[in-house]
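Undergrad: pasting the sequence and the predicted coordinates here, then a few questions.
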Amino acid sequence: MTLSEDDKKKIADWIEEKIGKPRCTMCGTGQWTLLDVSTLPIGFDVHSTRFYFHRGIPQVTIVCNYCGHMEFFNTAVMGFKPDEPEKEIIPDNKETE
Ligand SMILES: [Zn+2]
């Protein structure tokens, strides 16, 4: 899902509030880019090797501008909640008159 400008501001404010100015754990620099999409790594059972598309972890990603190291943040912890699903419209089986 593409993040809106409001989403990106919310994420940047959340990171600033919780972490301040994060330093890259690989190279030590502090310049990041917030990717403009949220992602969902899917569930995977290491025993059966089955994928579980409905068991993913919603996240956003920041990328170190110098070395490309990426950090991920859980969007649910950030306060993003799924919208209510639209109600399915079930067609009336009666024939129109
Ligand atoms: Zn880095």
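TA: Happy to help now that I have it. Computed from a prediction, not measured in an experiment: that's the story for all the values here.

Undergrad: pLDDT value on the residue nearest the centre of the chain, please?
TA: Centroid-nearest residue in the chain: residue 59, 2.8 Å away (criterion: Cα atoms, centre = their mean). Note for residue 59: predicted pLDDT of 95.

Undergrad: quick one, phi/psi of it?
TA: Dihedral angles of residue 59 (phi, psi; degrees, to the nearest 10) stand at phi -150, psi 160.

Undergrad: hey, what's it bridged with?
TA: Under the criterion DSSP bridges, residue 59 forms beta bridges with residue 39, residue 74.

Undergrad: dump the residue contacts of it.
TA: Applying Cβ atoms under 8 Å, 6 or more residues apart in numbering, one finds that residue 59 lies in contact with 38, 39, 40, 41, 72, 73, 74, 75. C-beta coordinates here come from the backbone N, C-alpha and C atoms, glycine included.

Undergrad: the ion versus that one, what's the distance?
TA: Distance of residue 59 to the ion, given as Cβ to the ion, to the nearest Å: 19 Å.

Undergrad: end-to-end on stretch 54-70?
TA: Terminal residues of stretch 54-70 lie 24 Å apart, using Cα to Cα, to the nearest Å.

Undergrad: where in the protein is pLDDT low?
TA: For the chain, the stretches with pLDDT under 70 are 92-97.

Undergrad: which positions in it make contact with the ion?
TA: Within the chain, the positions near the ion by Cβ under 5 Å from the ion are 24, 26, 27, 64, 66, 67, 69.

Undergrad: can you put those residues in JSON lines and add secondary structure?
TA: Shown next, in JSON lines, are the residues of the chain next to the ion (DSSP: H, G, I helix; E, B strand; the rest coil):
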{"residue": "24", "secondary structure": "coil"}
{"residue": "26", "secondary structure": "coil"}
{"residue": "27", "secondary structure": "coil"}
{"residue": "64", "secondary structure": "strand"}
{"residue": "66", "secondary structure": "coil"}
{"residue": "67", "secondary structure": "coil"}
{"residue": "69", "secondary structure": "coil"}
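
Undergrad: show me how to select, in PyMOL, the buried members of the contacts of residue 59.
TA: To isolate the buried members of the contacts of residue 59 in PyMOL, using 16 or more other Cβ atoms under 10 Å:
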select buried, resi 38+73+75
